[in-house]
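[1] Here you go, sequence then predicted model.
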Amino acid sequence: MGFIDFVVKPLYEVVSNYLPAIKIYLQQLDSNKAKWTEQISFYEAELGKIIMLGICLCIVFIGSIALERIINCFVIDEVKAKYHIND
């Protein structure tokens, strides 16, 4: 929204002083901005869901690696004990 507020709208305001026919576009710009402003919270919530999903997937992935290593340690220890293998 910053680009609209600081670049586009001021440009349209200045130009509309010399070309009154484009004032309708300035009104449409305000309408479009209002519509997109309403949707910010929706998209922020969706982004939050995506981030949480990514975090959960990372936790599951890291957890599965850790679990695999723990299981491997026990299996290796059992095999060593069973076959009397020393390091």
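    That came in fine, so what should we check first?
[2] pLDDT score for the spatially most central residue of the chain?
    By Cα atoms, centre = their mean, the chain has its centre lying nearest to L47, at 4.2 Å. The confidence metric pLDDT takes the value 90 at L47.
[3] Please, where are all the helices along this protein?
    For the chain, applying DSSP state H gives helices covering 2-3, 9-18, 23-82.
[4] pLDDT weak spots in this structure?
    Scanning the chain for pLDDT under 70 picks out the ranges 1, 87.
[5] at 80 what do you get?
    Within the chain, the segments meeting pLDDT under 80 span 1, 67, 70-87.
[6] okay, now L11: neighbour count?
    11 (other Cβ atoms under 10 Å). In this view, the C-beta of every residue, glycine as well, is placed from N, C-alpha and C.
[7] What distance do you get for it to I24?
    16 Å (Cβ to Cβ, to the nearest Å).
[8] Next: I55.
    46 Å.
[9] isn't K23 right up against V15?
    No - counting by Cβ atoms under 8 Å, K23 stays clear of V15, with 9.7 Å between them.
[10] Find the residues that touch each one of the two.
    Common contacts of K23 and V15 (Cβ atoms under 8 Å, 6 or more residues apart in numbering): none found.
[11] if you compare the helices of the chain, which one is most tucked away?
    Among these, ranked by average contacts under mean count of other Cβ atoms under 10 Å, first place goes to helix 9-18 (a mean of 13).
[12] what's in contact with that one?
    The contact list for helix 9-18 (Cβ under 8 Å, 6+ apart) reads 22-23, 25-26, 29-30.
[13] quick one: I85 and D77 touch, right?
    No - the criterion here is Cβ under 8 Å, and I85 misses it with D77 at 10.0 Å.
[14] Distance check, D5 against G63.
    In terms of Cβ to Cβ, D5 sits 45 Å off from G63.
[15] do the same with W36
    Per Cβ to Cβ, W36 is found 39 Å from G63.
[16] what does F3 give?
    Taking Cβ to Cβ, one finds F3 at 42 Å from G63.
[17] Kindly report the same for I24.
    Distance of I24 to G63, computed by Cβ to Cβ: 58 Å.
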